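Asks: Fold the following and give me the result.
(2 chains)
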Amino acid sequence: MKLKKTQQILLILIAAMLALTLLFNVTKISSVSSGASNEVFGFFSLLKSSLIDKPFNGLNQFIYSFSNLYQVQIENDALRSQLDEIASMQATINELRRENSELKESNSLKLLNSEYQYIDATVINRSFESYQNIMTIDAGTDDGVFENMAVITSKGLIGKVQNAKSDYAIIRLLTTEDGANKVSVKITINETETADAILERFDADRQMYIVTLLSANTTITKDMSVTTSGMGGVFPSGILVGIVSEVEEIPNALSMKIYVKPSASFSDINYVKVVKRGNS
Amino acid sequence: MYNFLFVAIGFLFDLIVQAIFPVDFAYQTIFFVPCFSFISLLLVTRRMTLYSSVLFAVILGLFQDIVSGQAIFVYPLIYVICVLIYAYWSKNLSETIFEMMLLILVMIFVKEILVYGYHLMMGLTEMFIMTFLIKRCFLSVVIGLAEGLIMIGTNYLFQGKIDREKAYHDQNDNLFGHQFK
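Replies: Sure, this is the predicted structure:
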């Protein structure tokens, strides 16, 4: 089939744009288009959440709740028995807070690494492309969410805020494999001793984080807990990251490779908390 | 118009399935990527010229990039390659449901391999190919069976309507059009 001149020009333009895009992506040249893509992705997330996700998630929840009524009753009975302990735990926490503020004042400390507040948010969109590892939440700068804030679920750290607009934010998950999401962590050896390490990246084959120890003379064993250390100024300290699953000695190297099983589940995240450093 | 509407329906099905079955970013479970819009693209472009197919693939690919939060022109490139391969292979096959299904399943596999290859090349993943095949590709192709049947059925409904309208207009032209020319 013979093409007209305009059709030929259009095809050449398309081929040129595709080739240039491939070249820019290979050489990792960032462009205006990625910023524009984020804006449109955020807008689309809001639209999709209100038109598609909310109705179908609502229906899903209804069916799930109805089919789990008996299980919910058993859980309620167990939780009721734990309620009595909450009052005494709250009194202990208040006492510890009071002691903490007195100690801070006496040592002239303005802010501890472990002080933070939570901003609740709902996930309104997750990228269907699993390689992208991004999600959109319905909290933005108007709610106090800014870039590089840590994001957690009830089970642990899941990522950090990559881009924040006034009423939504895009989160980059820790499951990225490109090594651009390093986290400063510490491994709890015992009640008084910890070892500093760096969470390098996520290993999709083993479904675990790869953590590199910073000190050579430390013995790390399975089932030790890994939390954020608060160093680096991005994440507050004390946020659970995972549990040590495997330790691999690296031949001819001082350090060792530690595989950490994530504490958070990445398959179905609906509600998250954005962690804000400070106590104001 | 009907082509765009048909692809939009495929896209809507994709969004609904994504809401109900989200992907597992940590690859702890086997998951699938819905391909309704991709299948609708293949079914629509088989009746188009190569030039129209490429344009259509670029437009849908751009839209898919926006939806998935990718850098621009990733999916247009992949969809154009898929459409060209599909156009070449479909010349040797007839339009029975079995052969169409076979071709659709193969194209889903090709698309997944291209997406995986692209992200491997860009350094966005270091996953072994076996992990990719087991955790993502396998179920996507298997579920593609059901998706393909749904979209082929929907396409026959659409195409039946188009053919009936075309026959009606052709009949009316023969009765009235010529005498006024």
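
Asks: now the host helix or strand of B:Phe6: how far from the chain's centre is it?
Replies: When elements are assigned from DSSP states H and E, B:Phe6 belongs to helix B:2-20. Relative to its chain's centre, helix B:2-20 lies at 10 Å (Cα atoms, centre = their mean, to the nearest Å).

Asks: now for the next helix or strand after that helix, which elements pack on it?
Replies: Using DSSP H and E, the helix or strand that follows helix B:2-20 towards the C-terminus is helix B:36-45. Here helix B:36-45 touches helix B:2-20, helix B:50-68, helix B:74-90, helix B:97-122, helix B:138-172, going by 3 or more Cβ pairs under 8 Å, 6 or more residues apart in numbering or on different chains; DSSP states H and E. Heads up, the C-betas are built off the backbone N, CA and C, glycines and all.

Asks: Among these, which comes closest to A:Thr122?
Replies: Evaluated over the helices and strands packed on helix B:36-45, closeness to A:Thr122 peaks at helix B:2-20, with 13.4 Å, by Cβ to Cβ.

Asks: show me what contacts the residue positioned nearest the centre of chain B?
Replies: Centroid-nearest residue in chain B: B:Phe38, 1.9 Å away (criterion: Cα atoms, centre = their mean). Counting by Cβ atoms under 8 Å, 6 or more residues apart in numbering or on different chains, B:Phe38 makes contact with B:10, B:79, B:82, B:107-108, B:111.

Asks: And the strands in chain A?
Replies: A:116-126, A:134-137, A:150-152, A:157-164, A:169-173, A:183-188, A:194-203, A:208-213, A:225-228, A:240-249, A:256-262, A:271-277 (DSSP state E).

Asks: Dump these to CSV, plus mean pLDDT, distance to B:Gln159 and mean neighbour count.
Replies: Below are the strands of chain A laid out as CSV (pLDDT from 0 to 100; distance: least, Cβ to Cβ, whole Å; neighbours: other Cβ atoms under 10 Å in any protein chain shown):
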stretch, mean pLDDT, distance to B:Gln159, mean neighbour count
strand A:116-126, 86, 33, 19
strand A:134-137, 88, 37, 26
strand A:150-152, 91, 47, 25
strand A:157-164, 90, 43, 23
strand A:169-173, 90, 40, 24
strand A:183-188, 90, 53, 22
strand A:194-203, 89, 45, 20
strand A:208-213, 90, 49, 21
strand A:225-228, 90, 57, 23
strand A:240-249, 89, 52, 17
strand A:256-262, 89, 48, 21
strand A:271-277, 87, 44, 20
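
Asks: In CSV: those, plus distance to B:Leu93.
Replies: Shown next, in CSV, are the strands of chain A (distance: least, Cβ to Cβ, whole Å):
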stretch, distance to B:Leu93
strand A:116-126, 37
strand A:134-137, 38
strand A:150-152, 49
strand A:157-164, 45
strand A:169-173, 41
strand A:183-188, 51
strand A:194-203, 41
strand A:208-213, 44
strand A:225-228, 54
strand A:240-249, 48
strand A:256-262, 45
strand A:271-277, 48
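
Asks: Tell me which of those strands sits nearest to B:Gly144.
Replies: Of the strands of chain A, nearest to B:Gly144 by Cβ to Cβ is strand A:116-126, at 21.2 Å.

Asks: Listing partners with orientation, what would you give for the closest one?
Replies: Sheet pairing for strand A:116-126, assigned by DSSP bridges, gives strand A:134-137 (antiparallel), strand A:271-277 (antiparallel).

Asks: re the thing from before, closest to chain A out of the contacts of B:Phe38?
Replies: Set against chain A, the nearest of those by Cβ to the nearest Cβ is B:Tyr79 (10.5 Å).

Asks: Count residues in the vicinity of the closest one, would you?
Replies: Number of residues near B:Tyr79 (other Cβ atoms under 10 Å in any protein chain shown) recorded here: 28.

Asks: give the contact list for it.
Replies: Contact analysis of B:Tyr79 by Cβ under 8 Å, 6+ apart lists B:38, B:41, B:57-58, B:60-61, B:64, B:111.

Asks: run the last query once more with 6 Å
Replies: With contacts defined as Cβ atoms under 6 Å, 6 or more residues apart in numbering or on different chains, the neighbours of B:Tyr79 are B:57, B:61.

Asks: And it, what's its pLDDT?
Replies: We have a pLDDT of 92 for B:Tyr79.

Asks: what's the answer for A:Gly35, then?
Replies: For A:Gly35, the predicted pLDDT is 57.

Asks: next one: B:Lys181
Replies: In this prediction, B:Lys181 carries a pLDDT score of 39.

Asks: Contacts for the helix holding B:Phe6, please.
Replies: Taking Cβ under 6 Å, 6+ apart as the rule, helix B:2-20 contacts A:52-53, A:56, A:128, B:34, B:36-37, B:40, B:44, B:158, B:162.

Asks: Please produce CSV containing those, extended by pLDDT and neighbour count.
Replies: Output for these, formatted as CSV (pLDDT from 0 to 100; neighbours: other Cβ atoms under 10 Å in any protein chain shown):
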residue, pLDDT, neighbour count
A:Ile52, 77, 17
A:Asp53, 76, 24
A:Phe56, 77, 16
A:Phe128, 76, 21
B:Pro34, 91, 23
B:Phe36, 93, 23
B:Ser37, 92, 24
B:Ser40, 92, 27
B:Val44, 88, 25
B:Phe158, 73, 18
B:Ile162, 62, 14
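
Asks: Show me which pair in the residues you listed is furthest apart.
Replies: A:Asp53 and B:Ile162, at 32.5 Å, using Cβ to Cβ across those.

Asks: Name the helix or strand of chain B that has the lowest mean pLDDT.
Replies: helix B:138-172 (a mean of 78; mean pLDDT, DSSP states H and E).

Asks: buried stuff in stretch B:1-11?
Replies: Residues of stretch B:1-11 classed as buried: B:3, B:6-7, B:9-11 (neighbour count, 16 or more other Cβ atoms under 10 Å in any protein chain shown).

Asks: and A:Ala19, how many residues sit next to it?
Replies: Neighbour count of A:Ala19, defined by other Cβ under 10 Å: 12.

Asks: Likewise for A:Leu214?
Replies: 16.

Asks: show me the residues around it that make contact.
Replies: Here A:Leu214 is in contact with A:196-197 (Cβ under 6 Å, 6+ apart).

Asks: Let's see that with 10 Å instead.
Replies: A:184-186, A:195-198, A:229, A:231, A:255 (Cβ atoms under 10 Å, 6 or more residues apart in numbering or on different chains).

Asks: how near is it to A:Glu200?
Replies: 12 Å (Cβ to Cβ, to the nearest Å).

Asks: Would you tell me which residues of the stretch 101-250 of chain A are close to chain B?
Replies: Selection of the stretch 101-250 of chain A residues close to chain B by Cβ under 10 Å from any Cβ of the partner chain yields A:123, A:125-136, A:158-159, A:170, A:173-180, A:201-209.

Asks: can we see that at 7 Å?
Replies: A:126-134, A:173, A:175, A:177-178, A:204-205, A:207 (Cβ under 7 Å from any Cβ of the partner chain).

Asks: out of these, who's nearest B:Pro22?
Replies: The closest of these, once distances to B:Pro22 are taken by Cβ to Cβ, is A:Arg126, at 5.6 Å.
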